[in-house]
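*Asks:* here is my input, please return the structure:
(one chain, ligands or ions: 2)
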Amino acid sequence: MTDSLPSLDAFRAALAAAPLADPQARDAAMARNGMLTKPPGALGRLEDLAIWYAGWRGDARPRLEAPQVVIFAGNHGVTAQGISAFPAEVTAQMVANFEAGGAAVNQLSQVAGAQMKIVALDLDRPTADFSTAPAMTEAELLAALNAGWQAVDPQADLLVTGEMGIGNTTSAAALAHALYGGAAANWAGRGTGLDPEGVAHKAEVVARAVALHAPKTGLEALRCLGGREVAAMAGAIARARALRIPVILDGFICCAAAACLAAEAPEALDHCVAGHVSAEGAHRALLEKLGKAPLLDLGLRLGEGSGAALAINILKAAVACHSGMATFAEAGVSED
Ligand SMILES: Cc1cc2ncn([C@H]3O[C@H](COP(=O)(O)O)[C@@H](O)[C@H]3O)c2cc1C
Ligand SMILES: O=C(O)c1cccnc1
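*Replies:* Ligands and ions are numbered 1, 2, ... in the order given. Below you'll find the predicted structure:
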């Protein structure tokens with residue numbers, strides 16, 4: 001497998017050639033699940049999660065020991081439109097905070113036992129203001145996809161992609177509006193804390209941008225309306241699939257990146273679960289479009305991969321029960 005993709009066509013080809021879960025491992029995991037010392041179905045969604053994980057890892061009795069959290073950062077020209085409650089300098093300042101260990105996601109990754117990697121993408125070169133021009137050229141999109149593709153540790157057994165980029169909830173809203181239609185106002189939310197007037201202005205910027213570019217494919221939407229960190233998340237999610245590494249999706253921005261892959265190839269997110277539903281207004285609707293039920297609903301509205309990092313603990317617990325519990329025969333417990 002190559003470590004970088006030479007063209008957007010090669011990226012599309014990688015999506016089309018993506019591996020499937022291993023049906024034998026999945027069936028064997030289902031059989032094992034049926035023998036564990038609990039009433040059938042008593043561990044609820046933990047059982048489905050463990051079987052899903054076993055299928056992707058190709059191991060009926062897997063372990064989950066090496067989760068990776070990758071945080072991509074990028075700057076957005078669309079901040080010139082006054083669409084965030086915070087200034088663009090915060091992106092670079094938060095990257096320094098991630099590197100110093102001071103952000104929420106540092107703590108959440110540590111609690112989950114995950115290695116954390118930070119990839120800052122051309123912070124001194126924001127994307128173009130997508131309300132007036134495409135955010136990126138094809139070469140810039142490819143470079144960002146490759147940054148994500150290359151950031152995934154092939155030895156990891158789980159991936160979380162997070163992001164930092166002031167303005168990126170506007171990018172995510174524009175992507176969702178372009179991919180799924182509806183009213184721009186239904187996709188635009190408060191982000192870092194806009195007031196209702198600010199949200200109305202943001203929706204107007206989103207509507208204008210989508211009408212201007214009217215992208216026809218997921219990758220074209222990503223190029224015109226995305227950001228470097230958004231595209232890098234898409235590249236990382238696609239690489240994880242090629243490596244059969246399961247992914248926990250984070251909030252609104254991560255899911256907008258993922259949606260661009262689903263628009264290219266409907267099964268592109270079969271190796272992904274939704275870690276949480278964020279309080280950003282449109283995240284629930286976006287998850288419904290993706291057909292993903294969130295594991296957690298805790299009112300988080302942070303990004304950074306925070307909700308997904310928190311959900312690693314749930315998946316670890318599911319896999320520990322599945323692989324570590326005794327069967328009825330082993331424990332000498334009567335089945336019925
Ligand atoms: C201190 C701080 C830390 C953050 N960590 C994540 N975000 C989140 O907020 C940003 C998106 O919101 P908007 O589109 O309104 O700018 C992203 O960087 C996202 O990761 C943060 C935002 C701030 C201010
Ligand atoms: O859902 C998210 O990921 C989110 C929401 C608000 C601000 N930043 C991120």
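*Asks:* need the residues of this structure near ligand 2, please.
*Replies:* 169, 191-192, 250-253, 278, 280, 283, 301-303 (CB under 6 Å from any ligand atom). For the C-beta atoms, the positions are set from N, CA and C on the backbone; glycine is no exception.
*Asks:* which of those residues fall within helices?
*Replies:* In this view, the residues of the chain next to ligand 2 that belong to helices under DSSP state H are 169, 252-253, 283.
*Asks:* just give the nearest non-adjacent residue to the closest residue to ligand 2 within the chain, would you?
*Replies:* Scanning the chain for the residue nearest ligand 2 gives Gly251, at 2.2 Å (criterion: CB to the nearest ligand atom). Nearest residue to Gly251, sequence neighbours excluded (CB to CB, 6 or more residues apart in numbering): Ser278, at 3.7 Å.
*Asks:* okay, strands next: where are they in this structure?
*Replies:* With DSSP state E as the criterion, the chain has strands at 67-73, 115-120, 158-164, 247-249, 272-274.
*Asks:* the ones you listed into TSV, with extra columns for distance to Pro40 and mean neighbour count?
*Replies:* Formatted as TSV, these follow (distance: least, CB to CB, whole Å; neighbours: other CB atoms under 10 Å):
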stretch	distance to Pro40	mean neighbour count
strand 67-73	29	27
strand 115-120	36	19
strand 158-164	27	29
strand 247-249	26	28
strand 272-274	22	25
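*Asks:* those strands: which one's closest to Ala207?
*Replies:* strand 158-164 (23.3 Å; CB to CB).
*Asks:* next, the angle from the closest one to strand 67-73.
*Replies:* Counting by axes from the mean of the first three to the mean of the last three CA atoms, to 10 degrees, strand 158-164 lies at 20 degrees to strand 67-73.
*Asks:* quick one: mean pLDDT for strand 158-164?
*Replies:* Across strand 158-164, the average pLDDT comes to 99.
*Asks:* so which elements touch it?
*Replies:* Packing partners of strand 158-164 (3 or more CB pairs under 8 Å, 6 or more residues apart in numbering; DSSP states H and E): strand 67-73, helix 89-100, helix 228-242, strand 247-249, helix 252-264, helix 306-324.
*Asks:* so for Leu179, which of these sits nearest?
*Replies:* helix 252-264 (5.3 Å).
*Asks:* can you pull the contacts of Ala104?
*Replies:* 302, 304, 306 (CB atoms under 8 Å, 6 or more residues apart in numbering).
*Asks:* ok so, going back, burial of the residue nearest to Gly251, as a residue count?
*Replies:* The burial count assigned to Ser278 is 30, neighbours taken as other CB atoms under 10 Å.
*Asks:* before we move on, what about Gly305?
*Replies:* Neighbours of Gly305 (other CB under 10 Å): 34.
*Asks:* got it, and Leu15?
*Replies:* Leu15 sits with 19 neighbouring residues when counted by other CB under 10 Å.
*Asks:* isn't it right up against Pro266?
*Replies:* No. Counting by CB atoms under 8 Å, Leu15 stays clear of Pro266, with 10.3 Å between them.
*Asks:* just give the number of residues close to Ala139.
*Replies:* Using other CB under 10 Å: Ala139 sits among 9 other residues.
*Asks:* oh, I was asking about Cys321
*Replies:* A count of nearby residues for Cys321, using other CB under 10 Å, gives 17.
*Asks:* list the contacts for it?
*Replies:* Residues near Cys321 by CB under 8 Å, 6+ apart: 36, 43, 46, 50.
*Asks:* closest to Val199 out of those residues?
*Replies:* Leu46 (37.1 Å).
*Asks:* how close does the closest one get to Asn106?
*Replies:* 27 Å (CB to CB, to the nearest Å).
*Asks:* need the strands of the chain in CSV with distance to Asn146, can you?
*Replies:* Listed next are the strands of the chain as CSV, based on distance: least, CB to CB, whole Å:
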stretch, distance to Asn146
strand 67-73, 12
strand 115-120, 11
strand 158-164, 15
strand 247-249, 18
strand 272-274, 20
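*Asks:* would you tell me which of those strands gets closest to ligand 1?
*Replies:* strand 158-164 (4.5 Å).
*Asks:* quick check: the farthest pair among the contacts of Cys321?
*Replies:* Checking these with CB to CB, the most distant pair is Leu36 and Leu46, at 10.9 Å.
*Asks:* overlap in contacts, these two.
*Replies:* 321-322.
*Asks:* between the two, who's got more neighbours?
*Replies:* Regarding Leu36 and Leu46, a neighbour count based on other CB under 10 Å identifies Leu36 as having more, with 22 against 19.
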